[in-house]
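J.: I'd like to go over a predicted model; first the sequence, then the structure.
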Amino acid sequence: KGTGKTGRLMLLAKENNGVLVCANPHAMRTKATAYGLTGFDIISYYDYVQHNYDYGKMCFIDELENFVKSLGNNLSGYTLSTED
């Protein structure tokens, strides 16, 4: 926590005209504005999954583990590789 990962992810979304996917879009928009970052889409995990949010833009997911958990109770496991 507090290492700037989300700020860097927001910057990548902005630089790539992408979409930031997160748990709380309202709070994330407030945070982005505080960082001086505007001009990119911010949507919820729900909107990403339920509305098949894909129209050719790159998507950047904040807190991937929370995103996976948001998929529901029947997801019983996953792996995550962190390669350099």
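T.: Received the coordinates, thanks.

J.: buried sites along the helix or strand containing residue 9?
T.: Using DSSP states H and E, residue 9 maps to helix 5-15. Within helix 5-15, the residues scored as buried using 16 or more other CB atoms under 10 Å are 6, 9-11, 13-14. The C-beta positions use only the backbone N, C-alpha and C, and glycine is treated the same way.

J.: Dump those residues into CSV; add pLDDT as well.
T.: Shown next, in CSV, are the buried residues of helix 5-15 (pLDDT from 0 to 100):
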residue, pLDDT
6, 92
9, 95
10, 96
11, 96
13, 95
14, 95
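
J.: ok, now how distant is residue 7 from residue 15?
T.: According to CB to CB, to the nearest Å, residue 7 and residue 15 sit 13 Å apart.

J.: same deal with residue 39?
T.: Taken as CB to CB, the span from residue 39 to residue 15 is 10 Å.

J.: what are the phi and psi angles of residue 60?
T.: phi -120, psi 120 (degrees, to the nearest 10).

J.: Residue 19 now?
T.: Per degrees, to the nearest 10, the backbone of residue 19 is at phi -120, psi 130.

J.: swap in residue 42?
T.: Backbone torsions of residue 42, given as degrees, to the nearest 10, read phi -130, psi 120.

J.: Could you number the chain from 253 rather than 1 from now on?
T.: Okay, residue one is now 253; in that scheme the one you just asked about reads as residue 294.

J.: in the sheet, who's paired with it?
T.: Residue 294 has these beta-bridge partners by DSSP bridges: residue 272.
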